[in-house]
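Student: turn this into a structure:
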Amino acid sequence: MTVLNKSIYIRFALILLSIFTVFTAVPCASETVDTAAAGECLQPEYIEHVSCLPFENIEAVPEEITEDTDGYSESGISLPLALNSSESTILTDKEKAVCQAIYEGLVALSSKVTLPYTVTTDELSSLYKRIIYSSPELFYVNSSYSYSYMTVSGVKYVVAVSPKYKMTSDEVASARTYIDAELQKLLALCDASWTDMEKVLFYHDYLVLNFCYDERLYTQGSSYVNYDIYNFLKEKTGVCMAYQLLMMALLDEVGVENSYAENGGHIWNVVKIDGNWYHVDATWDDPIVNSTDYNGFYGLAEHVSFMKSDTYFTENGYDAWNCDYTCTDTTYDANTVLTDTISAIIIEDEGWYYVDKSTAYLMCYDIDTDTSTSIKRISPSLSTCYSSLYKYGDCLIYNGAYSVFAYNTVTGASYTLNTSSVTSSYILGFTVEGETLDYITGTTFAESSWSHTEVLLCDTAIGRLALISDSILWIDDINKLLENVTGAANTLADIKASLMNSTSNITVKDSQGAEITASSSLVGTGCQIILTINGSVKDTLTIVVDCDTDGDGAVTVADAAAAMSDVYGTEALMGVYGQAADFDENEAVTIIDVMNILNSIA
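Tutor: Predicted coordinates:
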């Protein structure tokens, strides 16, 4: 079962159609919503969000009347979780049945959907929006649709809907595969032991740090922006609806009950934590753009709209909204960690790490006792500490005004990773992609004033051995092994070329501890790769070459003979040598492995 597919059997009635006329609702701009301004002069300039949602109702346009005999009886497709809430009074049975029919039709890309009950045009508009706002998997559905209706006493009652789609069925299938793969990557980042609140916090910060608001809304108009999760995942940019839907998709999968709130021009998530509902708006906690220049945070994440009540939102710039739930609990409204923090919040067993922007300290927060412990002073710093925070192995990376630092949460050791050569401006944050840290220096948050400096983390004082992005090899961090090495590409030059690290920092030694220096020399099972930076060993991996059971780097009959001895119990292959013989990776050396070794002899 993929992330996008859900199954539960639903029974509902079939309504025969009568006389029809067709209406089309087209997307257009919605009302303006103001963001909340903040802080001192270096703070980004906040501007208005406009046209965040693609729906608007307009008057019907008559078209030719047609008959449709398609109907629904029994299905294996369930409603989205936000519409199938445990709080069953949100929708009536009739509304659920109508939503079910429309939803199934949209999943199947039906050209016309027969409704099990008639609804008014206003009811249809409301239910259609509910489905779209609650269904990240319907990324291919256009906000435009037509409907067929009959008139009774001057009132139009809709009996069928004709959806419009942005993709063909083949394009949808391909996009579903892509989305599912991307969601699985993001879901793998979530620790199952985290509380529901920590899961929401993690994905809130992940979206803010790894996606950006779609500036084309201001430069090209609402027709050019991304509302759906497919394009959001591909391009890493979108408007509020894209943030809300991706957050919903992730929270659905990790088991956090959630829904949405919208006010016609803006949409965000609401989440249920420990029996209470709270507002979570990743969009407003992300940088904002304007029509002339990017003007926002870089590698920073606000939390002013995280885990907040209705009262807080009303008092902090949110216009009247529609939501199925009331967020009455004010527990976190005055929580300074969840309101003032502009770094990411890193979740660890001992607490939540964050940077206090006022005191310029790396802090550890205990949510249960609502207390913070000072860990490390960040110096020098501006009066507001614009520090990013990123987890790298056992270390937390953060920045001061002129340098990038790291703190090892296990050993307590501190490091300076890089110092800016520009003293006339300040480091205002950084991002990390893979092993590359990119920090900006400037005096304002306008992108035109920024200078970028890249730091390869794997070659810093906290470095580790790291593979190039397209390498077929892989590193077992738990057992400290370099695996999937084959006898066809295991020279010293091959091994060094597979690593991102500077070759001057890499040493390879054989199983006896002698250094291998010739580029053409074969590297065998049991050899070690050692990363040394400034005279200090930072990382060591033991190499496993497939089928090389004797460690000489070549796959020969001798390797097959050694594996056969293991099979018959004459002499067992131990450790990495047994792993090299286990070709099919079933944790046992068998005659099949012996045959595979023989087949691998060049």
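Student: go through stretch 579-590 and flag the buried ones.
Tutor: Of the residues in stretch 579-590, 579-583, 589-590 count as buried by neighbour count, 16 or more other Cβ atoms under 10 Å. The C-beta positions use only the backbone N, C-alpha and C, and glycine is treated the same way.
Student: residue 506 and residue 498, how far apart?
Tutor: 11 Å (Cβ to Cβ, to the nearest Å).
Student: what about those two, which has more around it?
Tutor: residue 498 (21 against 17; other Cβ atoms under 10 Å).
Student: residues contacting that one?
Tutor: Contacts for residue 498 (Cβ atoms under 8 Å, 6 or more residues apart in numbering) come out as 467-468, 471, 473.
Student: swap the cut-off to 6 Å and go again
Tutor: With Cβ atoms under 6 Å, 6 or more residues apart in numbering as the criterion, the residues that contact residue 498 are 467, 471, 473.
Student: quick one, phi/psi of the last one?
Tutor: With angles defined as degrees, to the nearest 10, residue 473 shows backbone torsions of phi -80, psi 160.
Student: ok, now how distant is it from residue 527?
Tutor: Residue 473 is 14 Å from residue 527, where distance means Cβ to Cβ.
Student: neighbour count winner among these two?
Tutor: For residue 473 versus residue 527, neighbours defined as other Cβ under 10 Å are more numerous around residue 527 (29 against 18).
Student: I'd say the more buried one and residue 544 touch.
Tutor: No - with contact defined as Cβ atoms under 6 Å, residue 527 does not count as touching residue 544 (9.6 Å).
Student: contact partners of whichever strand or helix holds residue 495?
Tutor: Assigned by DSSP states H and E, residue 495 belongs to helix 492-497. Helix 492-497 is contacted by residues 503, 506, 508, 516, 519, 521, 523 when judged by Cβ under 6 Å, 6+ apart.
Student: one more time with 8 Å, if that's ok
Tutor: Applying Cβ under 8 Å, 6+ apart, the contact partners of helix 492-497 are 468, 482, 485, 503, 506, 508, 516-521, 523, 529, 543.
Student: how far off centre is that helix?
Tutor: Taking Cα atoms, centre = their mean, to the nearest Å, the mean C-alpha location of helix 492-497 is offset from the chain mean by 33 Å.
Student: and the next helix or strand past that helix?
Tutor: Proceeding N to C from helix 492-497, the next assigned helix or strand is strand 506-509, under DSSP H and E.
Student: got the CA positions of that following strand in PDB?
Tutor: Taking C-alpha atoms only, strand 506-509 is exported to PDB below (Å, rounded to 0.1, in the frame of the first residue of the first chain):
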ATOM      1  CA  ILE A 506      42.100  10.300   3.600                       C
ATOM      2  CA  THR A 507      44.400   7.400   4.500                       C
ATOM      3  CA  VAL A 508      43.700   3.700   3.600                       C
ATOM      4  CA  LYS A 509      45.500   0.900   5.400                       C
END
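Student: and it, what does it pack against?
Tutor: With contacts defined as 3 or more Cβ pairs under 8 Å, 6 or more residues apart in numbering; DSSP states H and E, strand 506-509 has these neighbours: helix 492-497, strand 528-533.
Student: so can I have TSV of the contacts of residue 498 showing distance to residue 244 and pLDDT?
Tutor: Converted to TSV, these look like this (distance: Cβ to Cβ, whole Å; pLDDT from 0 to 100):
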residue	distance to residue 244	pLDDT
467	35	96
471	36	90
473	39	95
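Student: from these, which single one is nearest residue 198?
Tutor: Ranked by distance to residue 198 (Cβ to Cβ), those are led by residue 467 at 29.8 Å.
Student: that closest one is in contact with residue 474, isn't it?
Tutor: Yes - judged on Cβ atoms under 8 Å, residue 467 makes contact with residue 474 at a distance of 7.1 Å.
Student: that older thread, can you redo the buried residues of stretch 579-590 as TSV with secondary structure and pLDDT?
Tutor: Output for the buried residues of stretch 579-590, formatted as TSV (DSSP: H, G, I helix; E, B strand; the rest coil; pLDDT from 0 to 100):
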residue	secondary structure	pLDDT
579	helix	96
580	helix	96
581	helix	96
582	coil	95
583	coil	93
589	coil	95
590	coil	96
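Student: format the residues you listed as a markdown table; extra columns: distance to residue 361.
Tutor: Formatted as a markdown table, those follow (distance: Cβ to Cβ, whole Å):
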| residue | distance to residue 361 |
| --- | --- |
| 579 | 46 |
| 580 | 49 |
| 581 | 53 |
| 582 | 50 |
| 583 | 53 |
| 589 | 54 |
| 590 | 57 |
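Student: quick one: pLDDT of the closest residue to residue 506 other than its chain neighbours?
Tutor: Nearest residue to residue 506, sequence neighbours excluded (Cβ to Cβ, 6 or more residues apart in numbering): residue 496, at 5.7 Å. With respect to pLDDT, residue 496 has a value of 96.
Student: same thing with the one 5 residues further on?
Tutor: The predicted local distance difference test score for residue 501 is 96.
Student: how about it, what does it touch?
Tutor: 458-459, 463, 465-466, 531.
Student: the closest residue to it other than its chain neighbours: what secondary structure?
Tutor: Closest residue in space to residue 501, ignoring its immediate chain neighbours: residue 458 at 5.2 Å, by Cβ to Cβ, 6+ apart. Following DSSP: H, G, I helix; E, B strand; the rest coil, we place residue 458 in the helix state.
Student: residue 458 contacts residue 500, correct?
Tutor: Yes - between residue 458 and residue 500 there is a contact under Cβ under 8 Å: 5.4 Å.
Student: now list whatever residues contact both of those two.
Tutor: Residues touching both residue 458 and residue 500 (Cβ under 8 Å, 6+ apart): 435, 466.
Student: compare those two (neighbour count), which wins?
Tutor: residue 458 (24 against 19).
Student: mind listing what that one touches?
Tutor: 435, 464-466, 500-501, 531.
Student: turn those residues into TSV, columns for distance to residue 256.
Tutor: Shown next, in TSV, are those (distance: Cβ to Cβ, whole Å):
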residue	distance to residue 256
435	31
464	32
465	36
466	33
500	36
501	39
531	39
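Student: if we take these, which one ends up nearest to residue 263?
Tutor: For those, the minimum distance to residue 263 (Cβ to Cβ) is 42.0 Å, reached by residue 435.
Student: and the residue nearest the centre of the chain, what pLDDT?
Tutor: In the chain, the C-alpha closest to the average C-alpha coordinate belongs to residue 186, at a distance of 4.6 Å (Cα atoms, centre = their mean). Residue 186 is assigned 97 on the pLDDT scale.
Student: now do the contacts for it.
Tutor: Applying Cβ under 8 Å, 6+ apart, one finds that residue 186 lies in contact with 203, 206, 250.
Student: could you do residue 380 as well?
Tutor: Counting by Cβ under 8 Å, 6+ apart, residue 380 touches 400-402.
Student: tabulate those in a markdown table, adding columns for neighbour count, secondary structure and pLDDT.
Tutor: Listed next are these as a markdown table, based on neighbours: other Cβ atoms under 10 Å; DSSP: H, G, I helix; E, B strand; the rest coil; pLDDT from 0 to 100:
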| residue | neighbour count | secondary structure | pLDDT |
| --- | --- | --- | --- |
| 400 | 22 | coil | 95 |
| 401 | 20 | coil | 94 |
| 402 | 18 | coil | 95 |
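Student: distance to residue 595 for the residues you listed - can I get that in a markdown table?
Tutor: Shown next, in a markdown table, are those (distance: Cβ to Cβ, whole Å):
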| residue | distance to residue 595 |
| --- | --- |
| 400 | 60 |
| 401 | 63 |
| 402 | 61 |
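Student: good, we can wrap up now.
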